[in-house]
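> what would the 3D arrangement of this be:
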Amino acid sequence: MDPQRTSNVVQAILFSADEPISVSDIVNLLRDEFDTEEACAKAVQDALVDLDRKLEDSSFELRHLASGIRLQIREAYVPWINQLWQRSPPKYSRALLETLAMIAYKQPVTRGDIEQIRGVQVRTTTIRTLMDRGWIREVGKRQSPGYPTLYGTTDTFLDYFNLQSIEELPPLSEIEGLTDIDELQFKTDKQPEHPPDRQPEQPDSLELEMLEPGEQTS
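Numbering: from 1, shown residues only. Model (predicted):
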């Protein structure tokens, strides 16, 4: 397969994929077109470099994420796309946002750790919502009485926020006091010197608008 056709096929694969796709998966799709796997892998890498160059002045970009590569719309063009879709984004409470932030920045953490920092109980539905969304997962058990579950973030979480690794999260000091999750603006409470007794969590009137996966760009 000649370089131009390889580039076109790789672009078609990325355009058609409904989630990030790894280089190895692309190589597997094109393997039969080349004499060796090494030749195929090099051709795919060259095609990605070529495609990245061609997209420099376009409304699209290649984004390298935790689980692979995604062809997506650049952030500057998102406002027009949002108008095109004209749908109501899902909304989440401040409590859910703060819980997600605690897990992202303090992982691995238990539900009790989060409750101690926030000073209120973490509802089971909050953890379940984050797990159903695919943003957090159980990563083990703490070796302490009761063996509480430890939680951490997932590749899906990183992909949604256009991150390749957890180290790319902005410093917590830069996002305290902000509430827009669609721009990685987490809000967390600072830990008090003497955490208050846990109180039942009260519903929060704050609603957070979020972009669907694929809309968030950077």
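> now do the strands in this protein.
60-65, 68-73, 91-93, 109-110, 136-141, 149-153, 207-209 (DSSP state E).
> neighbouring strands of the fourth one in the sheet, and parallel or not?
What it means is strand 109-110. Taking DSSP bridges as the criterion, strand 109-110 forms sheet pairs with strand 149-153 (antiparallel).
> check what pLDDT the residue located most distally from the centre of the chain gets.
Farthest-out residue of the chain from its mean C-alpha position, per Cα atoms, centre = their mean: D35, at 36.6 Å. pLDDT recorded at D35 is 92.
> again, but for Y151
The per-residue pLDDT reported for Y151 equals 96.
> do you know how far it is from F157?
From Y151 over to F157 the distance is 11 Å, taken as Cβ to Cβ, to the nearest Å. Any C-beta I mention is one placed from the backbone N, CA and C, and that applies to glycine too.
> the more surrounded of those two?
Set side by side, Y151 and F157 give different neighbour counts by other Cβ atoms under 10 Å, the larger being at Y151 (24 against 21).
> now do the same contact list for the more buried one.
When contacts are counted by Cβ atoms under 8 Å, 6 or more residues apart in numbering, Y151 is found next to 103, 107-111, 127, 136-139.
> relative to G68, which of those residues is nearest.
Closest approach to G68 among the contacts of Y151 (Cβ to Cβ): R137, at 18.2 Å.
> that closest one and T156 touch, don't they?
No - using Cβ atoms under 8 Å, R137 is not in contact with T156, being 9.0 Å away.
> avg pLDDT for stretch 163-182?
Rounded mean pLDDT across stretch 163-182 is 70.
> give me the low-pLDDT residue ranges for this protein?
Scanning the chain for pLDDT under 70 picks out 86-90, 173-218.
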